[in-house]
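Enquirer: prediction below, plus the sequence it came from.
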Amino acid sequence: MASLYFPIDANDAKRLAKRVSNGKLKRIRQGIYTDASWGEIPALVQSRWYDIVNYLFKNAIASHVTAVALRPVNNRVFVTTDIKHRKKVSIGDSLVIEVYPGNTTLLTEPFVPNLNRSSAPRYLLENLQAAKQTAKGQQTKSYGKAWVETELCKLLERGGEHELNQIREQARESCSVLGLEMEFRELDGMIGAVLSTRPLSHLDTPQAVAAAQKQPFDAERIKSFEQLAEYLNRCNLKPRSYPYSSSSWRNLSFYESYFSNYIEGTEFEIDEAEDIVFSKKVISSRHEDSHDVLSVFDVVNDYQEMCTVPSTADDLMDLLTRRHEMILHQRPEKSPGQLKAKPNKAGDSVFVLPEHVEGTLCQAFGFYSTIPEGLHRAIYIHFLISEVHPFDDGNGRLARIMMNAELVNVEQFKLIVPTVHRDSYLNGLRDATKRNKFRTMTKVLSDLQAYTASIEWGDYAEARAALEAHCANKLPDQGVPVFNRQIAQFTVNLPIH
């Protein structure tokens, strides 16, 4: 493994220079040597930047943006040390060290054994400093006010009001010595606003304003929802009109409930589910599971209920809590109608934190109204509920109910998610969650609406026969080839990104 070498005295410097003349080392800069190949040097220099800083400036601290990033950004690091004038040191083309004069003892904390960094009170002040414009692509020394507001929100979540107050007092005590009095006045106002003791005019970012109003939100999820809205607005999705009849509505609603519950692990044979829904025969050994199927059916079979969509963020919250209570009223241990109190996750994906649920839904609703009615909005609200996961349980079923309500509202076909297509459906959601790629999810849901519209729902026996012939009720590894031949006839041209 390649290494860096720094002389410890004059004799050591002569020894290293001799190794250079023998071709065993390379001299990167005066006093800095390596046994790396020329091609390895840039990566080595950037990974060991802190050793180089410590050699060149014994008392330096990582400051400004580097105190936060803790690594070079665009080949630059920013440090403070006890020199009289600012200077810039280049290590070939691999690293630029921007060196600022200043105090190296106040408000610092350990970073690596030979190098400290600015602690939170200090790096917040430093990142409020005005930064001169640099060449395109170069990193400036400070992230700026918007970043500091976001950081304050994170610190508030982590340590509560006590941590912000402590940071403010530490910054107040040291700002004069650090020459950051003006930055402290700005930070003082921002912290006061976040803690609701100063006017909101001190804040610029929606996240900080929401925190001050006690409605914090998940900023990364909001970016994802914004990107989905932008993607859907570029999609040309064909509307599929639904001609209502009581028999077709009832039959479709049955399979909507059956498949939606099956995806979540409430597995019955179709004959068993028919007895539960149509004959009201609760299976004695599976009381709660039986009521899950019946409760979802009762909601999705209620045409008036399924015509209802939110017009405001408050409407959205009311619909979610009411419908959640309706589908889980037989499971009191699942807190029906109550937002989650503890974080939840699926695999390695952690959903929106409980304290961010209402704020995230409120912020995300702003994009909802910019999206065309019908399937576009249906896909958006489905992903929104799935991604926020506002309740302890029942989120998948609720997301599909909210999705289909958007379709019923404009007299389009609802869609079912057959068991056989479960993996494709979940893969589309995962792609959207992990990579902000929305094409698969959009295609799957568009195809499923088209498939649902292709079934003759007016005659129950005919509908069941078609679904079974298409292997819709089979597990993915049993029925995918047959089912995929059915949906292959439906084509939709979607943007790649």
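Expert: In hand now; what should we look at? Residues are numbered from 1 along each chain as shown.

Enquirer: where do the strands sit along the stretch 301-450 of the chain?
Expert: Assigned by DSSP state E, counting those that start in this stretch, the strands in the stretch 301-450 of the chain fall at 345-346, 349-350.

Enquirer: select, out of the ones you listed, the one closest to residue 423.
Expert: Among the strands of the stretch 301-450 of the chain, the nearest to residue 423 by C-beta to C-beta is strand 345-346 (14.5 Å). (C-beta placed from N, C-alpha, C; glycine too.)

Enquirer: so for the closest one, mean pLDDT?
Expert: Taken as a whole, strand 345-346 has a mean pLDDT of 84.

Enquirer: quick one: contacts of that strand?
Expert: Strand 345-346 has contacts (C-beta atoms under 8 Å, 6 or more residues apart in numbering) with 351, 389.

Enquirer: if we go to 10 Å?
Expert: Here strand 345-346 makes contact (C-beta atoms under 10 Å, 6 or more residues apart in numbering) with 351, 386, 389, 395, 396, 426, 429, 430, 433.

Enquirer: how much space between the nearest residue to the last one once chain neighbours are set aside and residue 434?
Expert: Closest residue to residue 433 in three dimensions, ignoring its sequence neighbours and counting by C-beta to C-beta, 6 or more residues apart in numbering: residue 349, at 5.7 Å. Applying C-beta to C-beta, to the nearest Å, one obtains 7 Å for the distance of residue 349 from residue 434.

Enquirer: redo the strands of the stretch 301-450 of the chain as JSON lines? Include distance to residue 26.
Expert: Shown next, in JSON lines, are the strands of the stretch 301-450 of the chain (distance: least, C-beta to C-beta, whole Å):
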{"stretch": "strand 345-346", "distance to residue 26": "48"}
{"stretch": "strand 349-350", "distance to residue 26": "46"}
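
Enquirer: okay, buried residues for stretch 450-467 please.
Expert: When neighbours are counted by 16 or more other C-beta atoms under 10 Å, the buried residues of stretch 450-467 are found to be 450, 451, 452, 453, 455, 457, 460, 463, 464, 466, 467.

Enquirer: nearest to residue 442 among these?
Expert: Distances from residue 442 to the buried residues of stretch 450-467, taken by C-beta to C-beta, are shortest for residue 450, at 12.6 Å.

Enquirer: distance-wise, check the closest one relative to residue 125.
Expert: Counting by C-beta to C-beta - residue 450 and residue 125 are separated by 58 Å.

Enquirer: which strands and helices sit next to whichever helix in the chain runs longest?
Expert: When the chain is parsed with DSSP state H, its longest helix is helix 145-178. Where contact means 3 or more C-beta pairs under 10 Å, 6 or more residues apart in numbering; DSSP states H and E, helix 145-178 is packed against helix 120-126, helix 181-194, helix 206-212, helix 219-232.

Enquirer: any buried residues in it, and which?
Expert: By neighbour count with 16+ other C-beta under 10 Å, helix 145-178 contains the buried residues 145, 147-153, 155-156, 164, 167-168, 170-171, 174-175, 178.

Enquirer: check the offset of it from the chain's centre.
Expert: Remark: helix 145-178 is offset 24 Å from the chain centroid, using C-alpha atoms, centre = their mean, to the nearest Å.

Enquirer: show the end-to-end separation of stretch 412-428, please.
Expert: Start-to-end span of stretch 412-428 (C-alpha to C-alpha, to the nearest Å) is 22 Å.

Enquirer: can you pull the domain assignment for the protein?
Expert: 1-47, 65-214, 219-487 (automatic domain parsing).

Enquirer: could you export the ones you listed as CSV, including distance to residue 495?
Expert: What follows is the domains of the chain, written out as CSV (distance: least, C-beta to C-beta, whole Å):
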stretch, distance to residue 495
domain 1-47, 36
domain 65-214, 27
domain 219-487, 5
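
Enquirer: and residue 53, which of those is closest to it?
Expert: It is, among the domains of the chain and with distance given as C-beta to C-beta, domain 65-214, at 5.5 Å.

Enquirer: now the terminal residues of the closest one, how far apart.
Expert: Its start and end residues considered, domain 65-214 measures 29 Å (C-alpha to C-alpha).

Enquirer: just how off-centre is it within its chain?
Expert: Using C-alpha atoms, centre = their mean, the offset of domain 65-214 from its chain centre is 25 Å.

Enquirer: for stretch 308-317, list every residue counted as buried.
Expert: For stretch 308-317, the neighbour count (16+ other C-beta under 10 Å) marks 308, 309, 310, 313, 316, 317 as buried.

Enquirer: I figured the fourth one was touching residue 384, is that so?
Expert: I take that to be residue 313. No - counting by C-beta atoms under 10 Å, residue 384 is not a contact partner of residue 313; they are 11.5 Å apart.

Enquirer: shared neighbours, those two?
Expert: Going by C-beta under 10 Å, 6+ apart, residues that sit against residue 313 and also against residue 384 are 361, 364, 365, 368.

Enquirer: I'd assumed residue 401 was in contact with residue 319.
Expert: Yes - if you go by C-beta under 10 Å, residue 319 and residue 401 touch, sitting 9.4 Å apart.

Enquirer: more neighbours, the two?
Expert: Comparing residue 319 with residue 401 by neighbour count (other C-beta atoms under 10 Å), the higher total belongs to residue 401, at 27 against 19.

Enquirer: how near is that one to residue 96?
Expert: 56 Å.

Enquirer: in CSV, list the contacts of strand 345-346 along with distance to residue 493 and pLDDT.
Expert: Shown next, in CSV, are those (distance: C-beta to C-beta, whole Å; pLDDT from 0 to 100):
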residue, distance to residue 493, pLDDT
351, 32, 95
386, 25, 97
389, 31, 97
395, 31, 97
396, 28, 96
426, 24, 95
429, 22, 96
430, 23, 94
433, 24, 94
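
Enquirer: of all the strands of the stretch 301-450 of the chain, which lies closest to residue 266?
Expert: Of all the strands of the stretch 301-450 of the chain, strand 345-346 sits nearest to residue 266, with 16.8 Å by C-beta to C-beta.

Enquirer: in its sheet, what does the closest one sit against?
Expert: Based on DSSP bridges, the pairing partners of strand 345-346 within the sheet are strand 349-350 (antiparallel).

Enquirer: report the rounded mean pLDDT for the strand it pairs with.
Expert: On average, strand 349-350 scores 85.

Enquirer: before we move on, back to that, counting only strands, which of the buried residues of stretch 450-467 make the cut?
Expert: Per DSSP state E, strands hold no members of the buried residues of stretch 450-467.

Enquirer: save these as a markdown table, and put in pLDDT too.
Expert: Below are these laid out as a markdown table (pLDDT from 0 to 100):
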| residue | pLDDT |
| --- | --- |
| 450 | 98 |
| 451 | 98 |
| 452 | 98 |
| 453 | 98 |
| 455 | 98 |
| 457 | 98 |
| 460 | 97 |
| 463 | 98 |
| 464 | 97 |
| 466 | 97 |
| 467 | 98 |
